[in-house]
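Predicted coordinates and the sequence they were generated for:
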2 protein chains.
Amino acid sequence: MTGFRLIKTSPRTSARAGELVTPHGSIPTPVFMPVGSQGAVKTLTPEEVKALGINMVLANTYHLYLRPGIGVIEKLGGLHNFMGWDGAILTDSGGYQVFSLAPLRKVSDEGVTFRSHIDGSQHHLTPELAIQYQEALGADIIMVLDECPPHDDSLDKVKKAMERTHRWAERCRKAQKRPGQALYAIVQGGVFPELRRQSAEYLASLDFPGYAIGGLSIGEPKKVTLAMIEETVALLPETKPRYLMGVGSPEDIIEAVDRGCDIFDSALPTRVARNGALFTWQGRKNITNAAYANMEQPIVAGCNCYTCRHFSAAYLHHLFNAGELLAYRLATIHNLSFITELMDKIQGAISDGTFLAFKKEFLAGYRPTDEPTRLSQKQKWLEKRSMNQ
Amino acid sequence: MTGFRLIKTSPRTSARAGELVTPHGSIPTPVFMPVGSQGAVKTLTPEEVKALGINMVLANTYHLYLRPGIGVIEKLGGLHNFMGWDGAILTDSGGYQVFSLAPLRKVSDEGVTFRSHIDGSQHHLTPELAIQYQEALGADIIMVLDECPPHDDSLDKVKKAMERTHRWAERCRKAQKRPGQALYAIVQGGVFPELRRQSAEYLASLDFPGYAIGGLSIGEPKKVTLAMIEETVALLPETKPRYLMGVGSPEDIIEAVDRGCDIFDSALPTRVARNGALFTWQGRKNITNAAYANMEQPIVAGCNCYTCRHFSAAYLHHLFNAGELLAYRLATIHNLSFITELMDKIQGAISDGTFLAFKKEFLAGYRPTDEPTRLSQKQKWLEKRSMNQ
């Protein structure tokens, strides 16, 4: 059975240390989950992910439902077995992807009809099906189906989506049959404080084993994101884990930990890695910059990751410039190692009661970047070309 | 110092077992070198290459000269250090690439002027520069600069290129300053038996520490390739290693071993892997075939490679279909493991005096494929798209 144990709270901050207990091991919180949407953390084997000190990954029901299909994974013994991962898994319900990736969707109280972003085929998803699929996949933590409106929708529309999300959460819970999986509810309410409060309060009353904060970091200003987190967390039960969906930059994680969040996921660390943007304690640096062409030192001196222990910045720069596939992998290893080390430090600082000092020091030295997080046309071209050499 | 020791010859076949002795370890022959043109075996770390039982890789002076530049690698401590590889390295001189990749080349006795295939910049390569660059890179085995004409050139043109290759071989040897590196000559002569004999005889008279057979497997019929190998090998000294350049399919390697070749390199096993074509003892199979969508077994039952020990064919099929970068890596590991196992078996059979029986049995069960060896448009599109998920 999957549960949560609150270990330590702190004065003058909502930061807290805890532990997720799952059938696939215990995971100290605050924790960051790398994203393996299609059943693989991009470029890495399960052994490499494990070696990074990572004990939990996220996979997407939407992607796995479309390809290879839930039935294939069930036949192969469930998602852990299929992807060769014996750590914990959290599956998203597919709600967010249906509302962000799939074209031509039609939503009603009953469920949502959408077209595949891959081949245009028509599909239908209901709260009951979302649970059925996630039970077949067999993740340790599963999510309710939610409706996630755009960040600039009107209060009226966001309210309707929130209310539907609440009804769907109840139906998801009723549909749950398989024991041992923890089903988390998702707080919605967009950028409207009163809706966020209403959603948190209502879902808290239903007593789920965990609570996610959805519909944030989707285009709204950062100040608003943080305000919404505060409104929400204040009304969630202290003994339950809080999962801030889709947040994964070091500076955003540390602010959200300060506001009481325990679990994070985002494709950002791995996606920017493939674009050559590497985390350092001074901020994000792009390895394709000419400054690295001759650098004998690793990208982060003293970094204990495989990449920095074995290779110069000059070599990594060369691999990116030459479009070598190994580049994406070495950069992914570094960024996930950095985030894992950051989470370790955050956990340690909370335990020591020094989280606020740690946060201040970290943010003073860290310069977030405004580099593009999408892959550049040049990188895409290089990678494409590199396949045929 | 790099040398060669002939260990065992066989009756009724020219197959022989030997050992290359290098400053970076001893390598049993016959041996296959995977290609790391740009200082990396595509998708793999040096540790993974080593774990496959591979002790020698090939790198290309042409590619490394253009990017990152010889000076960068020299500054970083040489190619072994730059790419983090402590096994043996053989560098090609750049001749073949200049004549196959670079546009607008002009060749004279003095050397060759060409434009970069990357940015169109103009460059000049002479036998002396080819040696200077390879000495700076610091490989264990280096190659003379040769002129490699198209397979359908006239006898007159091929003869002129061969004679130039001979003059260049002598200049390369004179230019050699750095001790410890073995410089191999390259036999040319196209598809003309009399030229092949002339080239082998002449270069043999110069007593190089090793001999490559160049200008084959570039479009001529397979029967012709094998005939040219026979003409050449017959006139090369028995005590020197023979390196058949650019050959790497299981069926071609086994035929060339039978004809007395010791060293092989080719991008084929790694390139077809990225297209989903995996070696099995029954021939090449394409994992993207729908037949593998539900297969719980690995692609080769009983195969001891990392990929087959950990993952079902269904998972590999899914990774390829979904354009996951991990697919290319797992397939590369399998194909290199297969070729390495094949070379082990060949070495064992030669030692036991059973090579001809082994060859017969292998070829009886193996069905070479006529699948495309270039990446399909679909795979390119999938990989490109996968970068942004």
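Nice, I can see it.

Near residue A:365, how many other residues are there?
11 (other C-beta atoms under 10 Å in any protein chain shown). C-beta here means a position set from N, CA and C on the backbone, and glycine is covered the same way.

how about it, what does it touch?
By C-beta atoms under 8 Å, 6 or more residues apart in numbering or on different chains, the contact set of residue A:365 is A:281, A:282.

Look at it and report its pLDDT.
We have a pLDDT of 94 for residue A:365.

what does residue A:373 give?
Confidence score, pLDDT, at residue A:373: 48.

likewise the one 10 residues further on?
According to the prediction, residue A:383 has pLDDT 52.

close enough to count as contact, residue A:28 and residue A:347?
Yes - in terms of C-beta atoms under 8 Å, residue A:28 counts as a neighbour of residue A:347; the distance is 5.5 Å.

Now the common contact residues for these two.
With C-beta under 8 Å, 6+ apart, residue A:28 and residue A:347 have common neighbours residue A:17.

Comparing those two, which shows the higher neighbour count?
residue A:347 (21 against 17).

and the gap between the more buried one and residue A:251?
18 Å (C-beta to C-beta, to the nearest Å).

before we move on, what about residue A:226?
Separation of residue A:226 from residue A:251 (C-beta to C-beta): 11 Å.

Low-confidence ranges, chain A, go.
Applying pLDDT under 70 to chain A flags residues A:370-389.

quick one: secondary structure of the closest residue to residue A:136 other than its chain neighbours?
Nearest non-adjacent residue to residue A:136, counting by C-beta to C-beta, 6 or more residues apart in numbering or on different chains: residue A:74, 4.5 Å away. Classification of residue A:74 by DSSP: H, G, I helix; E, B strand; the rest coil places it in helix.

And for the residue in the stretch 51-200 of chain A that chain B sits nearest to, the neighbour number?
In the stretch 51-200 of chain A, the residue that lies nearest chain B is residue A:68 (4.2 Å; C-beta to the nearest C-beta). Residue A:68: 24 surrounding residues under other C-beta under 10 Å.

Residue A:114 against residue A:125, yeah?
Yes - counting by C-beta under 8 Å, residue A:114 touches residue A:125, with 7.1 Å between them.

which neighbours do these two share?
With C-beta under 8 Å, 6+ apart as the test, residue A:114 and residue A:125 both reach residue A:98.

who's residue A:33 bridged to?
On the basis of DSSP bridges, residue A:33 is bridged to residue A:265.

burial measure for the residue nearest to residue A:136, as a count.
Residues near residue A:74, counting by other C-beta under 10 Å: 16.

The one 10 residues further on too?
By the measure other C-beta under 10 Å, the count of residues near residue A:84 is 16.

Phi, psi for residue A:57 please.
phi -130, psi 160 (degrees, to the nearest 10).

quick one: residue A:200 and residue A:230 touch, right?
No - Residue A:200 lies out of contact with residue A:230 (C-beta under 8 Å); the separation is 10.8 Å.

neighbour-wise, which of these two wins?
Counted by other C-beta under 10 Å, residue A:200 and residue A:230 do not tie: residue A:200 has more neighbours, with 24 against 15.

show me what contacts that one?
A:187, A:189, A:211, A:231, A:232, A:233, A:234, A:235, A:236.

switch to 7 Å and redo it
Applying C-beta atoms under 7 Å, 6 or more residues apart in numbering or on different chains to residue A:200 gives the contacts A:187, A:232, A:235, A:236.

Need the max-distance pair from these.
Largest separation among the contacts of residue A:200 by C-beta to C-beta: A:187 and A:235, giving 8.8 Å.

Residue A:294 - how many residues pack around it?
16.

Same question for the one 5 residues further on.
Counted by other C-beta under 10 Å, the residues lying close to residue A:299 total 24.

for residue A:208, same thing?
By other C-beta under 10 Å, the residues close to residue A:208 number 21.

What backbone torsions are found at residue A:58?
The phi and psi values for residue A:58, taken as degrees, to the nearest 10, are phi -110, psi 140.

Hmm, residue A:90 and it touching each other?
Yes - judged on C-beta atoms under 7 Å, residue A:58 makes contact with residue A:90 at a distance of 5.1 Å.
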